[in-house]
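Q: would you be able to build a 3D model of this:
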Amino acid sequence: MESDRNFDDLAPRFQRKVYGGLKGRIRLAVLEKDLGEFYPRALLPARGRSLNILDAGGGSGPFSIYLAKLGHRITLCDISTKMLDQAENKFLGLNLAHRLELFHGPIQEHMPENLSGYDLVLCHAVLEWVNDPRDLISHLMRLLTVKGMLSLTFYNLTGMIFKNLLRTNYKKILEKEYSGLPGGLTPTWPRKPEEVLEWLSFHPFQIICHSGMRVFHDYILDIKDRDRDPDTVMELELKLSRLLPYRDMGRYQHILGRKKKDCTLG
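A: Reported below is the predicted structural model:
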């Protein structure tokens, strides 16, 4: 079985292609919209009541930086030393290092020293890079406090299939060969939304919000047109992010929910 993906070899490219540009801004805007509506405490200044937040597989921590600026405490976990170095340098440059704790290693090996766990766990664009996603979800549940929130995003197989149909890559679809090329940024294991929802259903977990990220932007085949009128693109992406059928076409899916009671399922 293949191992979980380590981005030491692609850290700069990952920063540019995934976090940067309009794609990255759409991603962050959807997260801000969903958390702002359904968990507003995370996006308000802490004022002495800071949240204990885990960014699981957080890379260079672009969303964690935003939360740290508000006064929340961040633990950032990743298997890539280069990604962690990027995160540390960013936090240092913003005088936020006192709000950051780094953990180098697989998410599945991390347990909080504070036995009460985390108020909010972010696990963004990780599920599609690990070979045992159900075990990862179980571990994330154990890391949450009772009534703690999980923000989970993953690469959507439905969107990947549709994009390849538009590109007339029919052989890829017929052979069900969805994994990206070695050394690339196409995820190893794109996930079916219905499967992820089923894995979550095995836990005492209440889904509060389900959104799509980049529900149409990535399907604009002419690259020159994708960033034309970015303000309107952003407005429409946010407007359509929770509306069917557009939500289910999002290249990434965002699931936001709350742990209802202590999770003992493995």
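
Q: next, the distance between the ends of stretch 214-233.
A: 9 Å (Cα to Cα, to the nearest Å).

Q: next one: stretch 236-248
A: By Cα to Cα, one end of stretch 236-248 lies 15 Å from the other end.

Q: repeat that for stretch 58-71.
A: From start residue to end residue, stretch 58-71 stretches across 18 Å - Cα to Cα.

Q: could I get the buried residue list for it?
A: 58-65, 67-68, 70-71 (16 or more other Cβ atoms under 10 Å). For every residue, glycine as well, the C-beta is placed using N, CA and C.

Q: quick one: these as TSV, columns for distance to I79 and secondary structure too.
A: Formatted as TSV, those follow (distance: Cβ to Cβ, whole Å; DSSP: H, G, I helix; E, B strand; the rest coil):
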residue	distance to I79	secondary structure
G58	11	coil
G59	10	coil
S60	14	coil
G61	14	coil
P62	18	helix
F63	19	helix
S64	16	helix
I65	20	helix
L67	22	helix
A68	21	helix
L70	27	coil
G71	28	coil
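
Q: closest to M249 out of these?
A: Ranked by distance to M249 (Cβ to Cβ), those are led by F63 at 22.9 Å.

Q: isn't that closest one right up against R25?
A: No. When contacts are counted by Cβ atoms under 8 Å, F63 is not listed as touching R25 (12.0 Å).

Q: what's the closest non-adjacent residue to K260?
A: Spatial nearest neighbour of K260, excluding adjacent residues (Cβ to Cβ, 6 or more residues apart in numbering): P204 at 4.3 Å.

Q: and if you look at M213?
A: Closest to M213 by Cβ to Cβ, 6+ apart is Y252, at 4.0 Å.

Q: next one: phi and psi at that neighbour?
A: phi -120, psi 150 (degrees, to the nearest 10).

Q: swap in the one 5 residues further on?
A: For G257, the backbone dihedrals are phi -160, psi 180 (criterion: degrees, to the nearest 10).

Q: equivalent analysis for T188, please.
A: phi -70, psi -40.

Q: can you check the pLDDT for the closest residue to it other than its chain neighbours?
A: The shortest distance from T188 to any non-neighbouring residue, by Cβ to Cβ, 6+ apart, is to S179 (5.4 Å). Per-residue confidence (pLDDT) for S179: 73.

Q: circling back to that earlier point, burial count for the residue nearest to M213?
A: Neighbour count of Y252, defined by other Cβ atoms under 10 Å: 23.

Q: what's the local residue count around the residue nearest to K260?
A: Neighbour tally, P204, other Cβ under 10 Å: 15.

Q: just the one 5 residues further on next, same as before
A: For C209, the count of nearby residues is 17 (other Cβ under 10 Å).

Q: what residues are bridge-paired with it?
A: L256 (DSSP bridges).

Q: use 7 as the first number from now on
A: Taking 7 as the first residue, the last one we looked at is C215.
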